[in-house]
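Engineer: Give me coordinates for this.
(chains A, B, C and D)
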Protein chains: 2
Amino acid sequence: MRDATLRDVAELAGVSARTVSNVVNGYAAVTDHTREKVEKAIKELGYRPNVLARNLANGRSGQIAVVVPFLDVPYFSELLQVIIPHARERGYHVLIDQTDGDPTHERELIRRGARAVLFDGMIYSPLGLAQDDLAESDPTFPLVLLGERSSNAFFDHVGIDDVVASREATAHLIGLGRRRIAAIGDQPYPTGEAAQLRTLGYRQAHADAGLPVDESLIIQAQRFTRADGAAAMRALLDRDDPPDAVFGYNDPVALGALHEVLERGLRVPEDIALIGYDDIEEGRYSNPAISTISPDKDAIATTAVDRLLKRIGSTEPLPGIEVRASHRLIARQSTLGRAAGR
Amino acid sequence: MRDATLRDVAELAGVSARTVSNVVNGYAAVTDHTREKVEKAIKELGYRPNVLARNLANGRSGQIAVVVPFLDVPYFSELLQVIIPHARERGYHVLIDQTDGDPTHERELIRRGARAVLFDGMIYSPLGLAQDDLAESDPTFPLVLLGERSSNAFFDHVGIDDVVASREATAHLIGLGRRRIAAIGDQPYPTGEAAQLRTLGYRQAHADAGLPVDESLIIQAQRFTRADGAAAMRALLDRDDPPDAVFGYNDPVALGALHEVLERGLRVPEDIALIGYDDIEEGRYSNPAISTISPDKDAIATTAVDRLLKRIGSTEPLPGIEVRASHRLIARQSTLGRAAGR
DNA sequence: CACACTCTTTGCAGCGCTGCAAGCCGCCGC
DNA sequence: GCGGCGGCTTGCAGCGCTGCAAAGAGTGTG
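Structural biologist: Okay, the predicted model is just below:
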């Protein structure tokens, strides 16, 4: 059986289709009497508005897209966990896309996004996207960027100050007396701007302490996975002069490295201290629990949604703003040892 | 500037709108000559089809919804990681919703889903939903259930055999000589059918071995988180007669328990052996790495999508089928100790 | 009692696309 | 040379809803 339409309801209630629409949307003032009639008819027919038709008619889709490189990266799923309900409260559904970090796919999205009528705006966490690619995007399309990239004049950008945070993480290790600190996760190529900011912070911390940087301790990682962290650590431990501390550019990398260290029978933090980045739940339950940089995820998620909706709601393009969420360093057993206590 | 429409393209190319539509969709045969003209016009105007209008016109949305209780449960994000690209290859976008395990929200979805024109079908992993609630759903709505629930005549159901898998997990511990095996995750109430299947397997394994079950070792858990696992373990270790092994109903629970055990200075597996369920990546990198039941996630994800699309494509309702994906037990250090090697 | 004004309700047109069925055209066979 | 046929192309109508502007109903005022 065909679903009931607005017109069906109108007919049954003896009013015009437009009035039914008004009742449903609470638009114009409607007499109590009329409203009751209409509501009765709606109930009787089990009418539900056709979202598609509504969207087509008013040119909005009621959906926002959230694009992340990898869904199984805990940081992203934890963020989505906040974004989805927050968007729902504001009347938006969330469409999720995953780029697998594929630059072609990412570029595609950012360029054609503007025309995709499927969603009204996009929250985007680019990975393999160079700054230049952003320039090609339609500046009138509501877009909020997540992560470490600096915004341009057209889009908003929400994230923490990665340079400062990375400097703090490194300084924490230096403060513990470590002198051979490895950095795992550098990406010294155009699409690795995010990683480069962390490397910059790492360097700054060394400079602050008047320490030299051993370039050979800066290790690259492609995808920031546990496997990447473990592989990098393996190489580091095979050297004659292994490090005495590790700064992982995200928690999975640090956790992968941790796994490798323990696997070799070394002690953490006595032999090697480790710190990660992102404060995913997993890191609170690893053994030992890992120290990390904790970004204010709630703030990032809600701010991103709010900014996006503001952009969507605005008729003329808003200038891009840069939102800095707060972060803090959480020291746990992987740097403090048993002293970290519970 | 307004986006170009089909009609704009038609005008520029000097053909009818319908022909442009044919070119775009590759429907009817079109002369090479005409096609070229149209394609040129499309490029010139930067035309992109309006998905909303298309959907409204042909009554399909090209979107499927995937509903999970919690996005930050690694098992679900790993599953989505497979579902999303697989659906995309088949021309579908994935809309993700998260119920937070809220029964009201879940019931709402299942009941009204049929009418939600936003998506053509739904893959659903219910949590707080009793079997009865399913009966209220519209049997003509394409729906595939994930997880442990047994299907009814109207929906498909994809999952592994939880009873068998749980029996194997428990038997593994028994085979190691353990006799006081705790089970963490039971949910002895109507919405906990999934958990109950695991408890059943646990009991069967004991029966198989001629061992009695100590009911006090069956611990409940609400949400299957690391925190739940840790809390349950804490209580178990505070007893005078702590267990010598633990079967966690999913990996996070097992990992939370593991954390607590190590925190107390006990050895794994010497003092307490642990096994989890789901084989999330995290468990391969924990210290020690945890043994687990590994469901064939690829098969589950792709089968679920394929079945759903088949249902969507079929004019008359298909009878519900039960798909059993395979699983295997992966023994790692948390039960085998160092012997598990690398 | 006519008129201005406000509050409700209405009809129309159209969002951009596709299903349908008819129309057109050139070519083949007899 | 004519009817028939198959391959391409077209026009129409309509998916279900909302923006817009105007009509209708009701009220108060001079």
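Engineer: Quickly list what the closest residue to DNA strand D within the stretch 151-300 of chain A is bridged to.
Structural biologist: Distance from DNA strand D to each residue of the stretch 151-300 of chain A (Cβ to the nearest atom of the strand) is smallest for residue A:156, at 25.7 Å. The C-beta positions use only the backbone N, C-alpha and C, and glycine is treated the same way. Counting by DSSP bridges, residue A:156 is bridged to residue A:144.
Engineer: gap between it and residue A:83?
Structural biologist: 15 Å (Cβ to Cβ, to the nearest Å).
Engineer: which of these two has more neighbours?
Structural biologist: Just comparing residue A:156 and residue A:83: by other Cβ atoms under 10 Å in any protein chain shown the higher neighbour count belongs to residue A:83, 27 against 24.
Engineer: Not counting sequence-adjacent ones, nearest residue to residue A:192?
Structural biologist: Leaving aside its sequence neighbours, residue A:192 sits nearest to residue A:186 (Cβ to Cβ, 6 or more residues apart in numbering or on different chains; 7.4 Å).
Engineer: which residues does that neighbour form a beta bridge with?
Structural biologist: Per DSSP bridges, residues listed as beta-bridge partners of residue A:186: residue A:220.
Engineer: Tell me which helix or strand residue A:227 sits in.
Structural biologist: helix A:226-237 (DSSP states H and E).
Engineer: Mind checking if that helix is in reach of chain B?
Structural biologist: Yes - interface with chain B: helix A:226-237 contributes A:226, A:230 (Cβ under 8 Å from any Cβ of the partner chain).
Engineer: cool, stretch A:313-324 as well?
Structural biologist: No - between stretch A:313-324 and chain B, judged by Cβ under 8 Å from any Cβ, nothing touches; the nearest distance is 13.0 Å.
Engineer: what mean pLDDT does that stretch have?
Structural biologist: What stretch A:313-324 shows for mean pLDDT is 82.
Engineer: From the chain's centre, how far out is it? Work that out for me.
Structural biologist: Distance, stretch centre to chain centre, for stretch A:313-324: 19 Å (Cα atoms, centre = their mean, to the nearest Å).
Engineer: Stretch A:278-289 now?
Structural biologist: 19 Å.
Engineer: which residues touch that stretch?
Structural biologist: Contact partners of stretch A:278-289, identified using Cβ atoms under 8 Å, 6 or more residues apart in numbering or on different chains, comprise A:74-75, A:78, A:250-252, A:254-255, A:258, A:268-269, A:276, A:290, A:292-295, A:297, A:330, A:332-334, A:337, A:340, B:72, B:226, B:230, B:255-256, B:258-259, B:262-263, B:282, B:286-287.
Engineer: Show only the entries of the residues you listed found in helices.
Structural biologist: A:74-75, A:78, A:251-252, A:254-255, A:258, A:297, A:333-334, B:226, B:230, B:255-256, B:258-259, B:262-263, B:282 (DSSP state H).
Engineer: Check the secondary structure at the spatially closest residue to residue A:161 that is not a sequence neighbour for me.
Structural biologist: In this structure, residue A:161 finds its nearest non-sequential neighbour in residue A:324, 5.6 Å apart by Cβ to Cβ, 6+ apart. In three-state terms, and counting by DSSP: H, G, I helix; E, B strand; the rest coil, residue A:324 is strand.
Engineer: mind checking pLDDT for whatever residue of chain A ends up closest to DNA strand C?
Structural biologist: Residue of chain A nearest DNA strand C, by Cβ to the nearest atom of the strand: residue A:29 (2.7 Å). Listed pLDDT for residue A:29 reads 74.
Engineer: That one should be in a strand, yeah?
Structural biologist: No - assigned with three-state DSSP, residue A:29 falls outside any strand and is coil.
Engineer: count of neighbours near it?
Structural biologist: Neighbour tally, residue A:29, other Cβ under 10 Å: 7.
Engineer: tell me the contacts of it?
Structural biologist: When contacts are taken as Cβ under 8 Å, 6+ apart, residue A:29 is in contact with no other residue.
Engineer: gap between it and residue A:96?
Structural biologist: Distance, residue A:29 to residue A:96, by Cβ to Cβ: 39 Å.
Engineer: ok so residue A:64 is a helix residue?
Structural biologist: No - with three-state DSSP as the criterion, residue A:64 is strand rather than part of a helix.
Engineer: What distance do you get for it to chain B?
Structural biologist: 11 Å (Cβ to the nearest Cβ, to the nearest Å).
Engineer: so that residue sits right up against residue A:96, yeah?
Structural biologist: No - the pair formed by residue A:64 and residue A:96 falls short of the contact definition of Cβ atoms under 8 Å, at 10.2 Å.
Engineer: The helix or strand that residue A:305 is a member of: how far from the chain's middle?
Structural biologist: Applying DSSP H and E as the criterion places residue A:305 in helix A:297-313. In terms of Cα atoms, centre = their mean, the centre of helix A:297-313 is found 12 Å from the chain centre.
Engineer: Contacts made by that helix with the rest, please.
Structural biologist: So helix A:297-313 is contacted by A:60, A:64, A:78-80, A:82-83, A:86-87, A:90, A:92, A:120-123, A:142-144, A:146, A:156, A:158-160, A:279, A:317-318, A:321, A:323, A:325-326 (Cβ under 8 Å, 6+ apart).
Engineer: Equivalent analysis for stretch A:234-246, please.
Structural biologist: A:173, A:176, A:178-184, A:217, A:219, A:233, A:254, A:257, A:260-261, A:264, A:266, A:269, A:271-275, A:335.
Engineer: The same query, at a cut-off of 7 Å, please.
Structural biologist: With contact meaning Cβ atoms under 7 Å, 6 or more residues apart in numbering or on different chains, stretch A:234-246 is reached by A:173, A:178-182, A:184, A:217, A:219, A:254, A:257, A:260, A:264, A:272-274.
Engineer: Okay, the residue of the stretch 151-300 of chain A closest to DNA strand D and residue B:258: tell me how far apart.
Structural biologist: Counting by Cβ to Cβ - residue A:156 and residue B:258 are separated by 41 Å.
Engineer: go on, residue A:44?
Structural biologist: To residue B:258, residue A:44 is 57 Å away according to Cβ to Cβ.
Engineer: Ok, residue A:138 next?
Structural biologist: Distance from residue A:138 to residue B:258, counting by Cβ to Cβ: 50 Å.
Engineer: now do residue A:257
Structural biologist: The gap separating residue A:257 from residue B:258 is 19 Å, by Cβ to Cβ.
Engineer: Just want to know which of these two has more residues nearby.
Structural biologist: When neighbours are counted by other Cβ under 10 Å, residue A:257 and residue B:258 differ, and residue A:257 comes out ahead with 34 against 30.
Engineer: got a pLDDT number for the more buried one?
Structural biologist: 97.
Engineer: pretty sure residue A:328 contacts residue A:296?
Structural biologist: No - counting by Cβ atoms under 7 Å, residue A:328 sits too far from residue A:296 to count as a contact (8.3 Å).
Engineer: what's the least confident helix or strand in chain A, going by average pLDDT?
Structural biologist: helix A:131-135 (a mean of 65; mean pLDDT, DSSP states H and E).
Engineer: any low-confidence regions in the stretch 101-250 of chain A?
Structural biologist: For the stretch 101-250 of chain A, applying pLDDT under 70 flags the ranges A:101, A:106-117, A:128-136, A:148-153.
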